[in-house]
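K.L.:
Here is my input, please return the structure:
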Amino acid sequence: MKALTFSSFGGPEVLQYTDMPEPVLKEGELLVQMKAIGLNYADVYRRKGKYYLKGVPPYMAGYEGAGIVVNAAGLNGFKNGDSICFADVPFANAELVAVPADNAIPLVSGISFETAAAVMLQGLTAQYLCHDSYAVKENDIVLVHACAGGVGQLLVQLCKMKGTKVIGLTSSIEKATVAEQHGADTVFLYSDDWVSHVKQFTGVGVDVVYESIGTTLLQSLEATKETGTVVFFGFAGGNPPHIDPRLLMDGSKTLAGGDLWSYLNSKEERLKRSSQLFEWIVSGEIKIPAPTTFALKDGRAAHELIESRKSTGKILLIP
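P.N.:
Numbering: from 1, shown residues only. Next up, the predicted model:
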């Protein structure tokens, strides 16, 4: 089978589209022919050597995608030809992937392979952020970093569904327009004094900040009101500074961590959370922007785009 791999750490140039052995199924696994694969910034971290990788080179990234079961391995509940997706299965950047049956989520009518691959990780992330890490309430004022990105666009929509006022942060006027089209009440640019703008807009600061940049963590804490919360769930801009706990004591602020794997920890949770996500999509309550697609063999170009910060929404790799 063909796969996108890398044998050394570095920039997109280390990626190679090459032949790899087909997966050997273990007990409880399905063989899935991939139709769409989600590209995430975590794949960039893996390529750069910032995340732990199992095995020996050549390495293969990718954890999210959708496809057709071609070998159900006699497992009850699945048969050849079933359409499934997943959010948490390694080695997805390939034509064939071994998917544990407990991780396989059946596609429902109205959810295409491309939609599933575009929304599983980012949609489920946005879901837990505003339901679990901090339970957003009606009339809350929410600040969303990278509001035009894949998670950001969905998080804006989910927060608006709960009756909140949403402030977005992004890097350009063009991206601000995208966020406003998805419901953001106002958007400020990182190039401006956005903390002052947020305080002026709210009067006291926001109830919660969804922080995914890392290097902006101190500013996010400053932008929260007394008793406010910052949910730290990513560091796309670099590692965050160390935080003196006295910064939290002053103003009675809360700093919470966010990680999808803390919540997507069983078959039941995967099915429950993805079912709710699919319902919102099919009903039109949240809208999924059309993804940008690349052939799997053009994975280098896809990685270059995601690192350029010029993309909005999801990037997919198509085998």
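K.L.:
Does residue 225 touch residue 208 like I think?
P.N.:
No - using Cβ atoms under 8 Å, residue 225 is not in contact with residue 208; the gap is 9.6 Å. C-beta coordinates here come from the backbone N, C-alpha and C atoms, glycine included.
K.L.:
the strands in the stretch 51-200 of the chain, which residues?
P.N.:
Along the stretch 51-200 of the chain, counting by DSSP state E, counting those that start in this stretch, strands occupy 65-71, 83-86, 96-100, 105-106, 141-144, 165-170, 186-189.
K.L.:
on that earlier part again, residue 225 and residue 208: which has the busier surroundings?
P.N.:
Taking other Cβ atoms under 10 Å, residue 225 and residue 208 do not tie; residue 208 has more neighbours (28 against 18).
K.L.:
Mind pulling the model confidence for that one?
P.N.:
If you check residue 208, the pLDDT there is 98.
K.L.:
low pLDDT regions in this protein?
P.N.:
Within the chain, no range satisfies pLDDT under 70.
K.L.:
which residues of it fall in helices?
P.N.:
In the chain, the helices defined using DSSP state H lie at 41-48, 113-128, 150-161, 173-181, 194-202, 217-223, 245-249, 267-283, 299-308.
K.L.:
In CSV, list those along with distance to residue 28 and mean neighbour count.
P.N.:
Listed next are these as CSV, based on distance: least, Cβ to Cβ, whole Å; neighbours: other Cβ atoms under 10 Å:
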stretch, distance to residue 28, mean neighbour count
helix 41-48, 25, 19
helix 113-128, 20, 25
helix 150-161, 30, 25
helix 173-181, 41, 17
helix 194-202, 48, 17
helix 217-223, 40, 21
helix 245-249, 44, 10
helix 267-283, 11, 16
helix 299-308, 29, 18
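K.L.:
As a markdown table, these with distance to residue 68 would be great.
P.N.:
Formatted as a markdown table, these follow (distance: least, Cβ to Cβ, whole Å):
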| stretch | distance to residue 68 |
| --- | --- |
| helix 41-48 | 23 |
| helix 113-128 | 8 |
| helix 150-161 | 24 |
| helix 173-181 | 32 |
| helix 194-202 | 45 |
| helix 217-223 | 42 |
| helix 245-249 | 49 |
| helix 267-283 | 18 |
| helix 299-308 | 21 |
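K.L.:
residues contacting residue 254?
P.N.:
The neighbours of residue 254, taking Cβ atoms under 8 Å, 6 or more residues apart in numbering as the test, are 227-230, 248.
K.L.:
ok, 10 Å please
P.N.:
134, 208, 221, 224, 227-231, 248 (Cβ atoms under 10 Å, 6 or more residues apart in numbering).
K.L.:
And for residue 242?
P.N.:
Going by Cβ under 10 Å, 6+ apart, residue 242 touches residue 217.
K.L.:
One more: residue 318?
P.N.:
34-37, 113-114, 117, 291, 293-298.
K.L.:
Name only those of the residues you listed that count as buried.
P.N.:
For those, a burial check counting by 16 or more other Cβ atoms under 10 Å picks out 34-37, 113-114, 117, 291, 293-294, 296, 298.
K.L.:
Mind checking which of the residues you listed are in strands?
P.N.:
34-37, 293-294 (DSSP state E).
K.L.:
which among the residues you listed gets closest to residue 161?
P.N.:
residue 36 (25.9 Å; Cβ to Cβ).
K.L.:
The closest residue in space to that closest one that isn't next to it in sequence: what's it in contact with?
P.N.:
Distances taken as Cβ to Cβ, 6 or more residues apart in numbering place residue 117 nearest to residue 36, at 3.7 Å, with adjacent residues excluded. Going by Cβ under 10 Å, 6+ apart, residue 117 touches 34-39, 64-67, 85-87, 92, 291, 293, 314, 316-318.
K.L.:
any idea how far residue 267 is from residue 117?
P.N.:
20 Å (Cβ to Cβ, to the nearest Å).
K.L.:
cool, residue 115 as well?
P.N.:
22 Å.
K.L.:
again with residue 192
P.N.:
The gap separating residue 192 from residue 267 is 46 Å, by Cβ to Cβ.
K.L.:
before we move on, the earlier item: for the residue nearest to residue 36, give its distance to residue 160.
P.N.:
24 Å.
K.L.:
how much space between residue 183 and residue 57?
P.N.:
Applying Cβ to Cβ, the value for residue 183 to residue 57 is 44 Å.
K.L.:
Of those two, which one has the most company?
P.N.:
residue 183 (19 against 11).
K.L.:
Enumerate every residue touching the more buried one.
P.N.:
By Cβ under 10 Å, 6+ apart, residue 183 lies in contact with 147, 153, 156-161, 164, 166, 168, 286-287.
K.L.:
Now it: closest residue in space that isn't a chain neighbour?
P.N.:
Distances taken as Cβ to Cβ, 6+ apart put residue 160 closest to residue 183, at 4.1 Å, once the chain neighbours are dropped.
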